[in-house]
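In: can you look at this prediction? I've put the sequence above it.
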Amino acid sequence: MATENSYEIISLKDGKWQTDNVVYNKEEAIGRAQETLGKKFFSAVKVIEERFDDKTGESKHFIVFNKKKTLGRKKSQYTGPERRKGREWRDDPKGYLKKVKKKNKEKRKNTFMGEIIRLIVVLGGILVSLILLVFLYISYFRDKI
């Protein structure tokens, strides 16, 4: 026999991947993976095919089956940020984040420009006051001489 194929069934439980079973039939491996995914404790399943060549001593790995369980939650089950942010966040969290960052960036620009304008007005007022004081000082001493 030149090559041997084995199928490793890996499942995700509590955020950790663990090997459940190793079988030598592809259909059986996919069937067991689907069964595992049906159980409530597992959130994702993979079947990895390992091909081992006796002649060369090499093995190659291929992902044959990869499925993630989708959680359908009711509105009342959402807690924390997803509830406060609403449906737009739940439908597309990455897109929502991009929109929020863009909006905040625009706010910062407007705020920065506002601060620059305020700074110019304040400095202009101080400059005008200093010029006025210099003219008053000069006129005061001109009268004394």
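Out: Now that the structure is in, tell me what you want to look at. Residues are numbered from 1 along each chain as shown.
In: buried ones in the helix or strand hosting residue 17, by neighbour count?
Out: In this structure, residue 17 sits in strand 16-23 according to DSSP states H and E. Under the neighbour-count criterion of 16 or more other Cβ atoms under 10 Å, strand 16-23 has 20, 23 buried. Where C-beta positions appear, they are placed from N, C-alpha and C, glycine not excepted.
In: and it, how far out from the chain middle?
Out: Here the centre of strand 16-23 is set off from its chain's centre by 28 Å, with Cα atoms, centre = their mean, to the nearest Å.
In: now do stretch 37-45
Out: Here stretch 37-45 is found 24 Å from its chain centre; the criterion is Cα atoms, centre = their mean.
In: which pLDDT value belongs to the spatially most central residue of the chain?
Out: Centroid check for the chain by Cα atoms, centre = their mean gives residue 94 as the closest residue, at 6.1 Å. At residue 94, the model reports a pLDDT of 73.
In: how much space between residue 7 and residue 36?
Out: 13 Å (Cβ to Cβ, to the nearest Å).
In: which residues touch residue 52?
Out: 3, 4, 5, 6, 58, 59 (Cβ atoms under 8 Å, 6 or more residues apart in numbering).
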